[in-house]
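In: Could you work out the structure for the sequence below:
(chains A and B)
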Amino acid sequence: MIPISAEDFGAIRLTLRLAGTTTLVLLCLATPLAWWLARSGSRWSPVVGAVVALPLVLPPTVLGFYLLVSMGPQGAVGQFTQWLGAGLLPFTFSGLVVGSVLFSLPFAVQPLQNAFEQLGDRPLEVAATLRASPWDTFWHVVLPLCRPGFVTAAVLSFAHTVGEFGVVLMLGGNIPGATRVVSTQIYGHVEALEYTQAHWLAGGMVVFSFAVLLVLGWLNPRGSRLRP
Amino acid sequence: MSDALNHIQLQLHKPGFRLEVDVQLPQQGITVLYGPSGSGKTSVLRCLAGLERPTQASIRIQNLLWQDDAQGVFLPTWQRPLGYVFQEASLLAHLDVAGNLEFARRRAAPPRQGSPLLTPEFAVQTLGLAHLMQRRSTELSGGERQRVAIARALATNPQLLLLDEPLASLDAARRQEVMPWLERLRDELQIPMVYVSHAADEVTRLADTLLVLDQGQVRACGPLQGLMAGTDPVLHLGGDVASLVVGQVASHDTQWHLTELRFAGGSFWLADAGLVTGQTVRLRVLARDVSIATHKPTGISIQNVVACTVLDILPDQHPAQALVRLDCAGTGLWARLTRRAVDQLGLQRGQPVWAQVKAMALAR
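Out: Reported below is the predicted structural model:
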């Protein structure tokens, strides 16, 4: 019998829910941001690009620490969310979503930015001369032509959120059903010397991650590269 | 007066470059924008399309104001009823030929009273695309791609068709393949076309009106034949002074594979190129291929000899050369001679002479 407990399943469900929500939020946020980075030509775009790439190089604990502080009762974000009546975000699922979105931001922005840069001006001009409005052009020209970029962004955001640990631990504590995801569950098993259960979850993560990368390489052979 | 329906006045200032154009376009036919690279041809086209924002402009097409900076009117590109053909292949890569045409048809400009409605069916038929509909752009030749791009531009039901060197990215054979389709469009379309080119053969075959741009300024603008017969040699295309002879195919000599082109001043024989009897043909005759005799020549190989009158003798670029302007019953002909020959023959204005052109020098 597979030794996966109800708590393990809860962690798996929560992980998938977190990754799914994060991916959706990220696609909505990263698309306009990547568009601006790729096409505005603003002198601020290298600065913003560097900020977006920060989570690639920072230890997740650093990001988690600052988020914890700013979202806490004394922090600016915390006071804002309290003023909104939403309470405090640390140790909640919403708090994890915010952390994951920031943590996985470069994984969504960079593939999209690459795709938008490679697209160039011509297809947009062609669409305009064919009487397509900018919004129409986005849906019927940009989206289909940049589909590999969107697929890469979505798959990487999802996979990277599934694999997140440090930010979750700093920001979420380890509350079953609310903030305990697979990676922290494995940590818990190891702490408790439950190696068999840790093996099943850890092995599952390896298989999942490998499958994701395989599918990605198969979907777009050239589109899946990242830049630090 | 109806010509004033299409009035273009624009100024574009960039560092080191000033473009100033103020012209009226005819109601139909091809206006070729001709000039060396960097003269601002493509900028004019992009400003007309709204792809580039001129410093100051007033653009009225078919009596509809597209842009007027004095009145604060600016229609973005996608609201202007125009068709645009880009220099290189510009088909939407995620769609096949039918999909590209459908993309345009769905967004076509609404029909306007008094203007014919251009449909994708008309475009497909006029450009001979029926057998290509299911192909992707990677499965088309360069010439086919440009024909699809032209058809797609027509499928938006434009009031003005803009073509930016549509043949420049094609090799010589592909250009010859597309050119007849453009001639057909010129003869069948009821809308004005603006065609950017720097190739003299495109100008002579396609233009009804010629607009010569030089360093952002209009050097000349008017009907092609008049301009080419005129006295300003800088208009002469591609550095080669040439004249334009327009005539009808009168007969074929099947034994010798020659075709006779008849015009008011006589007829020219040229190598048979599959022209149909009765067809109107424009022939570009280079001044260096025309020689002059004071008596009707006999015992020579040259097949084409026509009676002319000397209109003018002008100095040419090199001190050894002179340009002689001839009138051949209303058709202007240029001959490039050595000045010594002019002197030896004692050529003078008003003198009747014979102009001779080798049949083998004539090609469409």
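In: For the closest residue to chain A within the stretch 151-300 of chain B, grab phi and psi.
Out: Here the stretch 151-300 of chain B gets closest to chain A at one residue, residue B:156, 5.5 Å apart by CB to the nearest CB. Using the backbone N, CA and C atoms, a C-beta is placed for each residue, glycine as well. Here is the backbone geometry of residue B:156 (degrees, to the nearest 10): phi -80, psi 10.
In: who touches it in this structure?
Out: A:129-131, B:81-83, B:104-105, B:107-109, B:118 (CB atoms under 8 Å, 6 or more residues apart in numbering or on different chains).
In: biggest separation within these, which pair?
Out: Across those, no pair lies farther apart than B:82 and B:105, at 15.5 Å, counting by CB to CB.
In: If you count surrounding residues, which of those two has more?
Out: The neighbour comparison of residue B:82 against residue B:105 (other CB atoms under 10 Å in any protein chain shown) goes to residue B:82, with 26 against 17.
In: Am I right that the more buried one is in contact with residue B:47?
Out: No: the pair residue B:82 and residue B:47 does not pass the contact test of CB atoms under 8 Å, sitting 11.9 Å apart.
In: And whichever strand or helix holds residue A:53, how far out from the chain middle?
Out: Residue A:53 belongs to helix A:45-57 when assigned by DSSP states H and E. The chain centre lies 15 Å from the centre of helix A:45-57; the measure is CA atoms, centre = their mean, to the nearest Å.
In: Let's see the next helix or strand after it as PDB, backbone CA atoms only.
Out: Using DSSP H and E, the helix or strand that follows helix A:45-57 towards the C-terminus is helix A:60-71. Taking C-alpha atoms only, helix A:60-71 is exported to PDB below (Å, rounded to 0.1, in the frame of the first residue of the first chain):
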ATOM      1  CA  PRO A  60      13.900  32.800  -1.100                       C
ATOM      2  CA  THR A  61      14.400  33.600   2.600                       C
ATOM      3  CA  VAL A  62      15.300  37.100   1.800                       C
ATOM      4  CA  LEU A  63      12.200  37.600  -0.300                       C
ATOM      5  CA  GLY A  64      10.100  35.800   2.400                       C
ATOM      6  CA  PHE A  65      11.600  37.900   5.100                       C
ATOM      7  CA  TYR A  66      10.700  41.200   3.500                       C
ATOM      8  CA  LEU A  67       7.300  40.100   2.500                       C
ATOM      9  CA  LEU A  68       6.700  38.900   6.100                       C
ATOM     10  CA  VAL A  69       7.700  42.300   7.500                       C
ATOM     11  CA  SER A  70       5.800  44.400   4.900                       C
ATOM     12  CA  MET A  71       2.700  42.300   5.100                       C
END
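In: elements contacting helix A:60-71?
Out: On a contact count with 3 or more CB pairs under 8 Å, 6 or more residues apart in numbering or on different chains; DSSP states H and E, helix A:60-71 meets helix A:76-83, helix A:93-119, helix A:166-172.
In: Let me know which of these is the nearest to chain B.
Out: Nearest of the helices and strands packed on helix A:60-71 to chain B, taken as CB to the nearest CB: helix A:93-119 at 10.3 Å.
In: After the lowest-mean-pLDDT helix or strand in chain A, which helix or strand is next? Please name it.
Out: Sorting the helices and strands of chain A by mean pLDDT, DSSP states H and E puts helix A:166-172 at the bottom, at a mean of 87. Using DSSP H and E, the helix or strand that follows helix A:166-172 in sequence is helix A:182-191.
In: now the next helix or strand after that following helix: mean pLDDT?
Out: Per DSSP H and E, helix A:182-191 leads on to helix A:195-219 as the next helix or strand towards the C-terminus. The average pLDDT for helix A:195-219 rounds to 89.
In: Quick one: low-confidence residue ranges for the chain.
Out: I'll assume chain A. A:1, A:220-228 (pLDDT under 70).
In: That was the other one, I meant chain B.
Out: For chain B, counting by pLDDT under 70, the residues that fall below are B:1-4, B:231-239, B:364.
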